[in-house]
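>>> What follows is a predicted structure for the sequence shown.
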Amino acid sequence: MTSDHPDSFLSRLSRQNDKYRYKLPSRQDAGKFIQNLINFLFPISQDCPACPNKDLTMKYADLRKDLDCMLQPLIPHLEKDKEEILNEVFASIPQIYDMLLLDARSITDNDPASVSIEEVISVYPGFMAIATYRFAHSFAHCGIPLLPRMLTEFAHGQTGIDIHPNAVIGHSFFIDHGTGVVIGETTHIGNNVKLYQGVTLGATHVSKSLASRKRHPTIEDNVVVYANATILGGDTVIGHDSVIGGNAWLVRSVPPFSQVYHQSKIEIRQQSAPSVT
Ligand SMILES: CC(=O)OC[C@H](N)C(=O)O
């Protein structure tokens, strides 16, 4: 450990800061951008009182300008021309919109506590996290570095749901409650999958040498994973139409139509009632 004099520390810090300065877009801008993008598609809540007067073409142009600004500091890391990336990103929006409608419909149809699709879109943390993930995934696919992770980490902060932008997730995805859900980078999730709070789709162990390997599980179509279940490993496949019970710990594959339950012995004893005097 060095114990620099404050002056020499500040000059060391200044040299170091010169290497990092403004290499990323603003975290605040990234958060505002994803919220504006979701509000643009689903203007349900009155988050943006000045906006109703603007027509969709103007809002669309504003979003493109905002993304363009956020790409500025990333230009040295872009694999393609910025305009080409912007065109690809905006061309993917209609397909993402349709996917989000399927996600919202799946939440509305599966959650007995939900009253309408508007409620799901505007207040459900699962919907916010999935919407952010779907855009971040598309941005990463179009060749934008770093920003996708900034977006999903913004949603993580808002919702407690951590979805890596590189995970692959099918249509009609439902996360209920959501707090504590972790979906690792190389996870594959099929269609019509339901997850509850605290589910981890993770790696069996963590080592930098595994960076290019599939480390996280595959969850096939129509699987339900209940609260706090932990499913680990890149070779672990949860066969379609399976149900994984709460608190289960799984590090191996299970065939389609499995039911996996964690058993713990809970004893309930009757106390003698206190005597009333
Ligand atoms: C979700 C999870 O297991 O993360 C561990 C590590 N970050 C990795 O990606 O392997």
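All right, it came through fine.

>>> So Glu79 is in contact with Ile144, correct?
No: using Cβ atoms under 8 Å, Glu79 is not in contact with Ile144, being 9.4 Å away. (Glycine included, C-beta is placed from N, CA and C.)

>>> Which one's more surrounded, the two?
Ile144 (26 against 10; other Cβ atoms under 10 Å).

>>> From Gln270, how far off is that one?
To Gln270, Ile144 is 61 Å away according to Cβ to Cβ, to the nearest Å.

>>> Same check on Leu232?
39 Å.

>>> Tell me how the chain divides into domains.
Using automatic domain parsing, the domain parsing of the chain gives 23-160, 167-262.

>>> Look up how far Ile219 lies from Ser116.
Remark: distance between Ser116 and Ile219 (Cβ to Cβ) = 28 Å.

>>> and these two? which has more neighbours close in?
Ranked by neighbour count (other Cβ under 10 Å), Ser116 and Ile219 place Ile219 first, with 28 against 11.

>>> That one bridge partners, please.
In this structure, Ile219 bridges to Ile189, Ile238 when assessed by DSSP bridges.

>>> so it sits right up against Val199, yeah?
No: between Ile219 and Val199 there is no contact under Cβ under 8 Å: 9.7 Å.

>>> So for these two, which residues contact both of them?
Counting by Cβ atoms under 8 Å, 6 or more residues apart in numbering, the contacts common to Ile219 and Val199 are 225, 231.

>>> where does this protein have low pLDDT?
Along the chain, the parts satisfying pLDDT under 70 run over 2, 48-53, 277.

>>> Leu232 and Gln270: who's more crowded?
Neighbours were counted for Leu232 and for Gln270 using other Cβ under 10 Å; Leu232 has more, 19 against 5.

>>> how many neighbours does the closest residue to Met70 other than its chain neighbours have?
Nearest residue to Met70, sequence neighbours excluded (Cβ to Cβ, 6 or more residues apart in numbering): Pro25, at 3.8 Å. The number of residues packed near Pro25 is 20, by other Cβ under 10 Å.

>>> separation between Pro25 and Gly245?
Distance of Pro25 to Gly245, given as Cβ to Cβ: 42 Å.

>>> Then Gln16?
Using Cβ to Cβ, Gln16 is found at 50 Å from Gly245.

>>> which one of these two has more residues nearby?
Each of Gln16 and Gly245 has its neighbours counted (other Cβ under 10 Å); Gly245 has more, 16 against 10.

>>> quick one: contacts for the closest residue to His164 other than its chain neighbours?
Spatial nearest neighbour of His164, excluding adjacent residues (Cβ to Cβ, 6+ apart): Glu185 at 4.1 Å. For Glu185, the contact set (Cβ under 8 Å, 6+ apart) comprises 164, 166-167, 215-216.
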